[in-house]
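>>> Got a predicted model here, sequence first, then my questions.
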Amino acid sequence: MAVSSAPGKVYLFGEHAVVYGEPAVPCAIELRARVDVEQRADSKLRVHAEDLSLDGFTVEYAGEPEGRPDVDVSESLLNAAMGYVDSAIEQVRSVTGEDDVGFDVTIESDIPLGAGLGSSAAVAVAAIDAGTRELGTTLEIDDLAERAYRTEHEVQGGQASRADTFCSATGGAVRVEGDDCRSLEAPELPIVIGFDGGAGDTGELVAGVRGLREEYDFAADTVEAIGDIVRRGEDALAAGDIEELGRLMDFNHGLLSALGVSSRTLDSMVWAARDAGAMGAKLTGAGGGGCIVSLDDTNETETALSYTPGCEDAFRAELAETGVARLE
Ligand SMILES: Nc1ncnc2c1ncn2[C@@H]1O[C@H](COP(=O)(O)OP(=O)(O)O)[C@@H](O)[C@H]1O
Ligand SMILES: C[C@@](O)(CCOP(=O)(O)O)CC(=O)O
Ligand SMILES: [Mg+2]
């Protein structure tokens, strides 16, 4: 058996715009997905995912298509739910050339699903890493990140950036622009997260922004303006100017909101954080529901969020220095 874990992330800046070639700066956080992979004697895939529930049932399924879980949900929902693991296992088969190999896969994760903290990337990175190692191949981190990116690209309907997967594979703060992925020096950041208990569908939200961008020049300009914010944000990060980072995060949230990917609860959490004195606050990830990220070195934001209607959980997040971890 091989076991790997990989961290989730928050975006300091640049989600969505990064899909169209603008830069983005995500930052890995100490919430991890852990994936155990064991080769089977047959060619079946059996997945046990405690945290993935469909129609109220924990997902446990065996291979395609006859072994799909017997739950009353649409095919597209089923594909969105199983797609990342199925596609990660396909990557393992393709890297190793062992097309008929079967696996038992068990996933445990601290990262809420679909909430903008990069659970999909962490699961893809950890599954590909454990699966390839189970077959005797240890991938270089860059290769691992690239393979995990292909998984996200496939499941998100051909629309994904390398940001989440590179960040999860390497850990730390990173900068991604197209296929140029690099690690950044980052000061210690007082990250506070608010979670509304909900989720957004990354593929759908990305498609929504794409549509707006094609229809309206000013939406395309908005995407470019997010790129400008990220470039200013990099300077602020390099200078350790956390107040400026916060201002730029506020601006970034406004532009994401203009692109239609915020929600009432994300906006109320953002405002609660700002009212509590946070240096800045924005949604993180695809949006639609899920999490906001704010910067505050006092306890005020966390406390204010915990009393904010619609906020289910508020917590501080530590930067994860380690990306993929090879546990067994
Ligand atoms: N613990 C888990 N077990 C199984 N699949 C998971 C798990 N966490 C995430 N996933 C996969 O990732 C998808 C959520 O990814 P996504 O919509 O991109 O949101 P995010 O990456 O922001 O959490 C889930 O629908 C599922 O396919
Ligand atoms: C919206 C996007 O920029 C980030 C999505 O992040 P998440 O899956 O919501 O954690 C999409 C992408 O970069 O592939
Ligand atoms: Mg994702």
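In hand now; what should we look at? Note that the coordinates shown come from a computational prediction; the quantities given were computed from them, not determined experimentally. Ligands and ions are numbered 1, 2, ... in the order given.

>>> Secondary structure class of the nearest residue to residue 34 once chain neighbours are set aside, three-state.
Distances taken as CB to CB, 6 or more residues apart in numbering place residue 5 nearest to residue 34, at 4.2 Å, with adjacent residues excluded. The C-beta positions use only the backbone N, C-alpha and C, and glycine is treated the same way. Following DSSP: H, G, I helix; E, B strand; the rest coil, we place residue 5 in the strand state.

>>> Quote the end-to-end distance of stretch 13-20.
Stretch 13-20 has an end-to-end distance of 14 Å (criterion: CA to CA, to the nearest Å).

>>> Can you name the residues bridging to residue 294?
Taking DSSP bridges as the rule, residue 294 bridges to residue 192, residue 281.

>>> ok so, going back, so who does the residue nearest to residue 34 touch?
Applying CB atoms under 8 Å, 6 or more residues apart in numbering to residue 5 gives the contacts 32, 33, 34, 35, 122, 126, 324, 325, 327.

>>> now the helices: where do they sit in the stretch 1-150 of the chain?
Counting by DSSP state H, counting those that start in this stretch, one finds helices in the stretch 1-150 of the chain at the ranges 75-96, 119-134, 141-155.

>>> Any idea which of the ones you listed gets closest to residue 194?
helix 119-134 (16.8 Å; CB to CB).

>>> So which of the helices of the stretch 1-150 of the chain is the most surrounded?
helix 119-134 (a mean of 29; mean count of other CB atoms under 10 Å).

>>> pLDDT on that one, on average?
The pLDDT scores in helix 119-134 average 97.

>>> next one: stretch 280-296
If you average the pLDDT values across stretch 280-296, you get 97.

>>> returning to what we had before: with distance to ligand 2 added, can I get the helices of the stretch 1-150 of the chain in TSV?
Output for the helices of the stretch 1-150 of the chain, formatted as TSV (distance: least, CB to the nearest ligand atom, whole Å):
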stretch	distance to ligand 2
helix 75-96	10
helix 119-134	5
helix 141-155	6
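
>>> nearest to ligand 3, of these?
Checking the helices of the stretch 1-150 of the chain against ligand 3 by CB to the ion gives helix 119-134 as the closest, at 3.3 Å.

>>> The closest one near ligand 3 at all?
Yes: judged by CB under 5 Å from the ion, helix 119-134 comes into contact with ligand 3 at residue 120.

>>> which secondary structure elements does that helix contact?
Secondary-structure packing of helix 119-134 (3 or more CB pairs under 8 Å, 6 or more residues apart in numbering; DSSP states H and E): strand 2-13, strand 25-39, helix 75-96, strand 103-109, helix 141-155, helix 163-170.

>>> can you list these in TSV and add mean pLDDT and distance to residue 232?
Converted to TSV, those look like this (pLDDT from 0 to 100; distance: least, CB to CB, whole Å):
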stretch	mean pLDDT	distance to residue 232
strand 2-13	98	9
strand 25-39	97	11
helix 75-96	83	33
strand 103-109	92	34
helix 141-155	96	26
helix 163-170	98	18
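
>>> how close does residue 135 get to ligand 2?
27 Å (CB to the nearest ligand atom, to the nearest Å).

>>> cool, and residue 206?
5 Å.

>>> and that residue, how many neighbours does it have?
For residue 206, the neighbour count with other CB atoms under 10 Å is 22.
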